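Visitor: I need the structure of the sequence given here:
(one chain, ligands or ions: 1)
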Amino acid sequence: MTLELAGLHYFDDRESANRSMAEKIASDLASAINERDKASLWVSGGSTPMDMYRKLSVANLPWRKVLISMVDERYVPPTDEASNERLIKENLLINGADVAEFVPFFQVTESPASNQQQLEATLREKVHGALDVVVLGMGNDGHTASLFPCAEEIEQVVSAENSDYTAVTHPRVAPHARLTLTLNRLLASRHIYLLLFGEDKLNTLKKAEQNGEEIDMPIRYFLRNQQPRLEIFWAP
Ligand SMILES: O=C(O)[C@H](O)[C@@H](O)[C@H](O)[C@H](O)COP(=O)(O)O
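Guide: Numbering: from 1, shown residues only. I've put the predicted structure just below:
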């Protein structure tokens with residue numbers, strides 16, 4: 001049984017939440033392919049969404065028509081324990097989804113800045129118009145993607161004038177420099193999902209839903225955005 005509030009979908013258990021989100025994303029991707037003969041899927045790392053990705057990977061889709069890339073990445077090679085790319089390769093680019101076109105954020109360059117420049121060029125060549133499906137996570141500081149309130153670059157990365165697709169952030173609370181989609185790029189999407197598990201994340205969400213500056217809890221930019229409405233799936 002799920003209790004569906006506006007944009008917030010409660011599930012009795014994580015298995016149900018994962019299955020429901022995977023089915024909804026597969027449907028969104030199928031619709032995009034029907035309309036434009038291609039689709040793009042942008043995924044977060046972290047621990048929460050991996051089971052959902054595995055369920056999504058077996059969806060009956062023309063995966064060769066799907067471009068899969070990252071919402072954000074730690075500036076580490078894909079062999080590194082901290083790599084989001086490694087997690088995506090292990091949990092999403094498997095089964096039928098293993099033939100999707102994957103665009104990694106980590107590119108072998110000498111610095112996060114040069115990596116971002118190379119990544120920016122790659123994405124601008126491959127991606128035009130709205131992103132089809134974005135999967136977000138959230139930290140208990142209210143960060144999402146690598147839009148960390150504590151990052152020195154945060155004001156520039158969330159600026160309404162920022163027309164870049166990507167940015168580098170240096171969150172003080174995380175050990176690695178980050179490569180991330182910018183706020184404007186993320187909001188220019190057709191579907192944005194947030195997968196949350198547990199009471200701590202629910203309490204953080206409730207705090208984010210209260211009054212306060214978006215920049216202090218960047219998930220607020222998405223909670224307060226009308227089109228697309230953020231679709232939140234939560235289980236205990
Ligand atoms: O690189 C990352 O870590 C993610 O992109 C980040 O934004 C993540 O989604 C949240 O920190 C939640 O992480 P968990 O799912 O591990 O709680």
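Visitor: so the helix ranked longest in the chain, near the ligand or not?
Guide: Across the chain, the longest stretch assigned as helix under DSSP state H is helix 14-36. No - Helix 14-36 stays clear of the ligand (Cβ under 6 Å from any ligand atom), getting no nearer than 12.0 Å. Where you see a C-beta, it was placed from the backbone N, CA and C, and this is true even at glycine.
Visitor: what are the buried residues along that helix?
Guide: Applying a neighbour-count criterion of 16 or more other Cβ atoms under 10 Å, the buried positions in helix 14-36 are 14, 16-22, 24-26, 28-30, 32-33.
Visitor: any idea how far whichever residue of the chain sits closest to the ligand is from Gln118?
Guide: In the chain, the residue that lies nearest the ligand is Gly137 (2.2 Å; Cβ to the nearest ligand atom). According to Cβ to Cβ, to the nearest Å, Gly137 stands 25 Å off from Gln118.
Visitor: neighbour-wise, which of these two wins?
Guide: Gly137 (22 against 14; other Cβ atoms under 10 Å).
Visitor: my read is that that one contacts Ser146, right?
Guide: No - Gly137 lies out of contact with Ser146 (Cβ atoms under 8 Å); the separation is 10.6 Å.
Visitor: and the helices in the chain?
Guide: Counting by DSSP H, the chain has helices at residues 14-36, 50-57, 84-91, 112-126, 154-157, 183-187, 199-208, 219-223.
Visitor: how about those helices, which one is nearest Thr169?
Guide: helix 154-157 (6.1 Å; Cβ to Cβ).
Visitor: buried residues, the closest one. List them.
Guide: By neighbour count on 16+ other Cβ under 10 Å, the buried set for helix 154-157 is 154, 157.
Visitor: need the residues that contact it.
Guide: The contact list for helix 154-157, computed with Cβ atoms under 8 Å, 6 or more residues apart in numbering, reads 147-148, 151, 162, 167, 169, 180, 182-183, 215, 218.
Visitor: also stretch 22-35?
Guide: Stretch 22-35 is contacted from outside by 38-41, 52-53, 55-56, 59-62, 65-66, 132-133, 135, 190-191, 193, 231, using Cβ under 8 Å, 6+ apart.
Visitor: cutoff 10 Å now
Guide: With contacts defined as Cβ atoms under 10 Å, 6 or more residues apart in numbering, stretch 22-35 is touched by 9, 38-41, 43, 49, 51-63, 65-66, 68, 100, 130-135, 190-191, 193, 231, 233.
Visitor: any of those residues buried? List them.
Guide: Looks like the contacts of stretch 22-35 have 9, 39-41, 43, 49, 51-57, 59, 61, 63, 65-66, 68, 100, 131-135, 190-191, 193, 231, 233 buried, using 16+ other Cβ under 10 Å.
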